[in-house]
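> heads up, no residue letters with this:
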């Protein structure tokens with residue numbers, strides 16, 4: 001059997017004398033592995049770098065087999081992403097979270113589409129811009145996996161205004177009035193994640209972005225990774241450190 005798809009390279013590792021096992025995030029076939037014969041050659045190796053977008057064709061005798069890929073470069077980003085310390089940290093976090101959180105061969109087209117937008121931003125702008133997109137991408141990933149945050153109304157009062165917190169247990173929003181004396185036990189809700197205007201001006205600043213990453217990171221760990229015995233990837237932890245250093 002065979003299929004064709006659009007893909008983002010997550011990782012590659014040598015296999016045998018000249019082959020490469022390629023891990024891709026594909027649009028319609030999810031996170032999918034396959035063998036690229038001759039993938040270590042000088043001609044092909046630059047195409048198979050993490051962050052690049054490919055047009056791929058997969059072939060295998062049975063759907064459950066590893067199978068093999070043929071690939072053509074659709075968009076080269078790897079060079080730009082690996083050129084900067086910040087963008088490389090972002091790429092590593094993106095690839096590590098995809099590998100840890102996404103089940104193999106389950107399609108999540110919105111995660112793929114948002115991922116391409118995020119990687120384009122990483123390759124062309126500074127961390128102050130793309131970290132906001134990264135936090136939104138993780139929130140979208142949670143939504144796609146069935147663990148989305150409910151930011152529509154206050155869990156305590158039903159209010160839809162002045163939503164300022166999120167319950168670490170339920171993932172539901174809580175208003176300032178509803179939080180009361182328990183505010184210090186809740187996650188702060190960055191306005192940009194709740195569809196509101198930033199408290200820090202036109203664009204979210206480091207404080208809001210850090211709060212967003214704490215929020216999405218908590219629920220990725222508690223609801224997606226830990227139930228399957230997985231830890232938060234070190235590359236994602238380093239992303240938090242990157243933000244701390246930039247303040």
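Good, I have the coordinates. Nothing here was measured: the structure is a model prediction, and the numbers come from that model.

> can you map out the helices along the protein?
78-83, 85-101, 109-124, 127-144, 176-179, 206-219, 234-246 (DSSP state H).

> now render these as a markdown table, adding distance to residue 157.
Using the backbone N, CA and C atoms, a C-beta is placed for each residue, glycine as well. Listed next are those as a markdown table, based on distance: least, CB to CB, whole Å:
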| stretch | distance to residue 157 |
| --- | --- |
| helix 78-83 | 44 |
| helix 85-101 | 32 |
| helix 109-124 | 31 |
| helix 127-144 | 23 |
| helix 176-179 | 4 |
| helix 206-219 | 20 |
| helix 234-246 | 32 |
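
> how close does the spatially most central residue of the chain get to residue 181?
With distances taken as CA atoms, centre = their mean, residue 94 lies nearest the centre of the chain, 4.4 Å away. For residue 94, the distance to residue 181 (CB to CB, to the nearest Å) stands at 38 Å.

> same thing with residue 84?
In terms of CB to CB, residue 84 sits 44 Å off from residue 181.

> next: residue 81.
Distance from residue 81 to residue 181, by CB to CB: 45 Å.

> which of the two has more residues huddled nearby?
residue 81 (24 against 6; other CB atoms under 10 Å).

> on the pLDDT front, check that one for me.
pLDDT for residue 81: 97.

> list the residues that contact it.
50, 51, 87, 88, 90, 91, 119, 122, 123 (CB atoms under 8 Å, 6 or more residues apart in numbering).

> swap in 7 Å and give it another go.
By CB atoms under 7 Å, 6 or more residues apart in numbering, residue 81 lies in contact with 51, 87, 88, 91, 122, 123.

> next: residue 82.
Residue 82 is in contact with residue 88, counting by CB under 7 Å, 6+ apart.

> the one 4 residues further on too?
Each residue near residue 86 by CB under 7 Å, 6+ apart is listed here: 126, 127, 242.

> since that was my last question, I'll sign off now.
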